[in-house]
Each structure stands twice: as C-alpha cells, then as structure tokens.
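Participant: what's the 3D shape of this:
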Amino acid sequence: MDCQNRAAIALVQWKTETQTAVTLLYVAVTASASYEALEYTTWSTHCSLAATLRKVSGGVLAKLESQVSYRNKLEEMEAKLRIYGLKGATAEEQTTVELLAETAALMRMASLKEEKSNMQTALTAVGFASEGAAAISSYLMTIGSLAHSTQTYCLSDTGKTRDGKTKLSAAGCRHAQAADYSSGPGPEHGEVGNDGFTKVTGKPDGPNTGQSDKCGLFTHASSPESTGGIYITSASSTPSFGYGMLKIKTADQSMGLQLSDIKGKNETEDHKFWASCHEAVKTAQLMETQTEVTVDAAPLAVLAESTEMQSILTVNGAAEKHNQPEERAADLNNAK
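Facilitator: Predicted coordinates for the structure are as follows:
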C-alpha cells in the first residue's frame with residue numbers, strides 16, 4: 001500500500017510540475033512572439049529632420065557674414081567720401097559729399113542695430129536646432145545599437161530584409177562634425193514650413209510594420225524584474241524617445257509627434273520644445289541676407305535714394321528756412 005501511495009503522490013507531483021512548466025513556456029513564447037524592428041519610414045524621416053536642423057548653423061552664419069560685410073562696406077564708403085571732401089572736392093561738391101558721408105554713417109548705424117538683433121535670433125536658432133538634432137540622433141543611434149546577434153536588430157531597412165543601422169548616418173543620424181558649423185545655405189524653405197517641419201507628418205498608433213521577431217524594444221511584461229532588459233509594465237507607461245519623437249504605447253505599437261503642424265502647440269513639454277525650435281529656426285530663416293556692395297560710383301545712387309538721405313535733407317532744409325523739419329522746406333529732388 002505504501003508503494004502505491006508513493007506512486008500516486010509522485011504522479012500528482014509530476015503532473016503539477018509538468019503543467020507549471022508548460023504554463024511558463026507558454027507565457028515565454030507569447031511574450032516574445034512578435035518583437036518588431038522599427039519601420040524605416042518612421043526613423044529615416046526623423047533622421048532627415050536631424051540633418052535639416054544641422055544645417056541651421058551654417059545658414060545663419062552666412063547671413064551674419066553678409067550683414068557684417070555690408071556694414072564694413074558702408075564704413076569704407078563713408079571714410080572715402082570724407083577723405084575726398086577734405087582732399088579733392090571742389091567748393092560746389094563739398095555739401096554733396098558731406099551729405100553722402102552722413103548718409104553712409106546713418107545707414108551703417110542702422111545696419112549695426114539690426115545686426116545685434118540678428119545675433120540673438122541666430123544664437124536662439126542654433127541652440128534649439130543643435131539640441132533637437134542631438135535628441136533625434138542620440139535616440140535612434142541608441143536603438144540602432146541594440147542587437148542580440150547578427151539576426152536580431154531594432155531598425156528595419158528600406159526593404160524590411162535586414163538591419164537598417166548601416167543607413168543611419170546617410171539618413172542624417174550621426175555625430176556632429178566641424179564642417180557642420182561652416183558657412184552654408186541653411187535649410188530649404190520646403191523643409192521648414194510656416195506651421196512646422198514639413199517632412200515629419202507624425203505616426204498614429206498602430207503596428208510598426210517592421211520585421212517581426214527582431215527586436216524586443218516594444219514589448220510589455222508584467223514582471224520586468226524577472227529578466228533583464230527594457231520593458232513596459234503597463235498601458236499607462238509610455239516611454240518617450242527623442243523629446244517625444246517616438247513613444248511606445250502598447251506591445252509592438254508606437255506613435256510620433258506631428259511636427260508638420262507644431263506651431264503654437266503647448267500640450268506637453270515635448271510639444272513646447274519642438275514648437276519653440278520651429279519658431280526659432282523659421283525666424284532665422286527669414287533673416288535678410290545683404291547683397292554684396294562694391295565701393296565705387298554705383299552705391300552713391302543708393303545713398304542718394306535712401307530714407308537716411310531723405311531725413312538729412314529734410315532737417316537741413318528746415319534749418320536753412322527756419323521751419324520745422326516736417327514742413328520739408330528744402331527741395332529734396334533738386335538737392336539730390
């Protein structure tokens with residue numbers, strides 16, 4: 001009888017252990033059955049924004065250089081006119097030369113005032129653009145580095161057939177280089193619209209459409225402490241990457257901000273950052289580029305037709321006639 005009891009007890013224990021093992025195996029299999037790599041369209045579009053933002057530095061530098069050059073040319077014109085007035089001008093030319101020199105001086109001061117304002121605009125744009133480019137590149141280069149073997153990875157390539165990590169740099173996600181901060185054309189107007197960054201149209205909730213069984217980044221687990229790795233413990237947990245550029249919501253699903261319509265958005269800190277970034281970059285993009293000025297006879301006509309010359313002639317004419325400036329007693333056309 002004892003032998004029969006021991007056999008029955010052993011059978012029950014075996015059934016229990018087997019059932020537990022099968023249950024654990026089922027949980028393990030279902031938890032890892034649909035790991036997906038992030039789709040190419042999503043991550044490459046984000047990288048393209050990083051590339052756009054990286055061009056901001058060169059663009060604002062080129063505009064500031066043109067403005068400094070313009071101011072320097074005005075200063076040179078003023079100096080040459082004053083020298084000519086002292087050394088070579090006839091008595092009849094003295095008044096004209098002096099008026100032109102004073103006009104150049106006023107235009108130079110106006111240019112300097114605008115230049116100081118533009119310096120702040122440029123600094124703000126470069127600061128936001130650099131931080132934005134770094135946030136995007138950093139999160140995607142991190143995800144791209146997650147690989148368990150040569151067969152598993154977290155970024156899909158264009159054809160969803162292999163690891164997309166090798167395309168990161170070409171797409172725009174890379175380390176900054178010294179050449180990024182050289183004078184250049186800046187972002188194109190088609191890249192930075194009035195309402196946002198045009199290429200980043202957002203990603204709604206839904207499957208990543210990348211390759212299955214490649215990456216466990218988007219997987220939820222009820223007990224993340226049981227195994228190492230990055231886990232999402234509940235539906236209320238939404239890990240965010242790249243200042244909200246990508247948010248993981250449920251297993252194998254993600255969403256992204258719509259930056260093509262980010263102007264004025266302030267729902268979250270992520271929205272506020274990207275709205276401020278867009279505003280700064282757009283303002284810098286609208287900064288005026290001054291045309292190159294040569295110091296010869298041609299710019300004298302520009303001085304004569306300027307609002308600064310108009311102001312000088314008005315004041316001088318009023319003073320000569322003992323009238324108020326607004327009475328415009330001088331014949332401005334004849335004076336010109």
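Participant: tell me how far Asn118 lies from Gln258.
Facilitator: Separation of Asn118 from Gln258 (CB to CB, to the nearest Å): 30 Å. For glycine as for every other residue, the C-beta is placed from the backbone atoms N, C-alpha and C.
Participant: for Phe197, give me its contacts.
Facilitator: By CB atoms under 8 Å, 6 or more residues apart in numbering, Phe197 lies in contact with Leu49, Thr52, Glu191, Leu259, Ser260, Ile262, Trp274, His278.
Participant: filter those down to the ones in helices?
Facilitator: Leu49, Thr52, Trp274, His278 (DSSP state H).
Participant: need the buried ones from those selected in ChimeraX.
Facilitator: Per 16 or more other CB atoms under 10 Å, the buried members of the ones in helices among the contacts of Phe197 correspond to this ChimeraX selection:
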select :49,52,274,278
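Participant: can I get the ones in helices among the contacts of Phe197 in CSV with distance to Ala122 and pLDDT?
Facilitator: Listed next are these as CSV, based on distance: CB to CB, whole Å; pLDDT from 0 to 100:
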residue, distance to Ala122, pLDDT
Leu49, 20, 97
Thr52, 17, 96
Trp274, 20, 97
His278, 16, 97
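Participant: and the two most separated of the ones in helices among the contacts of Phe197?
Facilitator: Taking CB to CB as the measure, the ones in helices among the contacts of Phe197 span a maximum distance of 12.7 Å, between Thr52 and Trp274.
Participant: before we move on, the earlier item: which of the contacts of Phe197 sits closest to Leu155?
Facilitator: Out of the contacts of Phe197, the member with the shortest distance to Leu155 (by CB to CB) is Leu49, at 16.2 Å.
Participant: coming back round to it: quickly name whichever of the contacts of Phe197 is closest to Leu81.
Facilitator: Checking the contacts of Phe197 one by one against Leu81 (CB to CB), the nearest turns out to be Glu191, at 43.1 Å.
Participant: phi first, then psi, for that closest one.
Facilitator: Backbone torsions for Glu191, taken as degrees, to the nearest 10, come to phi -90, psi -30.
Participant: repeat for Leu155
Facilitator: In this entry, Leu155 is assigned phi and psi values of phi -120, psi 120 (degrees, to the nearest 10).
Participant: tell me what it is bridged to.
Facilitator: Leu38 (DSSP bridges).
Participant: now do the contacts for the closest residue to Ala147 other than its chain neighbours.
Facilitator: Spatial nearest neighbour of Ala147, chain neighbours left out: Tyr153 (4.9 Å); criterion: CB to CB, 6 or more residues apart in numbering. Contact analysis of Tyr153 by CB under 8 Å, 6+ apart lists Ala37, Gly144, Leu146, Ala147, Asp163, Gly164, Lys165, Lys214, Cys215.
Participant: quick check: the gap between Tyr153 and Thr42.
Facilitator: Counting by CB to CB, the gap from Tyr153 to Thr42 is 15 Å.
Participant: next one: Ala104
Facilitator: According to CB to CB, Ala104 stands 55 Å off from Thr42.
Participant: what's the answer for Met77, then?
Facilitator: 54 Å.
Participant: what does Arg71 give?
Facilitator: Taking CB to CB, one finds Arg71 at 46 Å from Thr42.
Participant: what's the single longest helix in the chain?
Facilitator: helix 91-144.
Participant: contacts for whatever helix or strand comes next after that one?
Facilitator: Where DSSP states H and E defines the elements, the next helix or strand beyond helix 91-144 is helix 168-171. By CB under 8 Å, 6+ apart, the residues outside helix 168-171 that reach it are Trp43, Ser44, Cys47, Ser48, Ala51, Leu140, Met141, Gly144, Leu155, Arg174.
Participant: got the contact list for the fifth one?
Facilitator: When contacts are counted by CB under 8 Å, 6+ apart, Ala51 is found next to Ala133, Ala171, Gly172.
Participant: and with 7 Å instead?
Facilitator: Residues counted as contacts of Ala51 (CB atoms under 7 Å, 6 or more residues apart in numbering) are Gly172.
Participant: could you report the pLDDT at Ser183?
Facilitator: At Ser183, the pLDDT value in this model is 89.
Participant: no, scratch that, I was asking about Val22
Facilitator: Looking at Val22, its pLDDT reads 27.
Participant: just Gly58 next, same as before
Facilitator: Here the pLDDT value assigned to Gly58 is 94.
Participant: which parts of the helix or strand it falls within are buried?
Facilitator: Taking DSSP H and E as the criterion, Gly58 maps to helix 56-87. Neighbour counts over helix 56-87 (16+ other CB under 10 Å) mark 56-64, 66-67, 70-71, 73-75, 77-78, 81-82, 85 as buried.
Participant: and it, what does it pack onto?
Facilitator: When contacts are defined as 3 or more CB pairs under 7 Å, 6 or more residues apart in numbering; DSSP states H and E, helix 56-87 sits against helix 91-144, helix 269-285.
Participant: can you do 6 Å?
Facilitator: helix 91-144 (3 or more CB pairs under 6 Å, 6 or more residues apart in numbering; DSSP states H and E).
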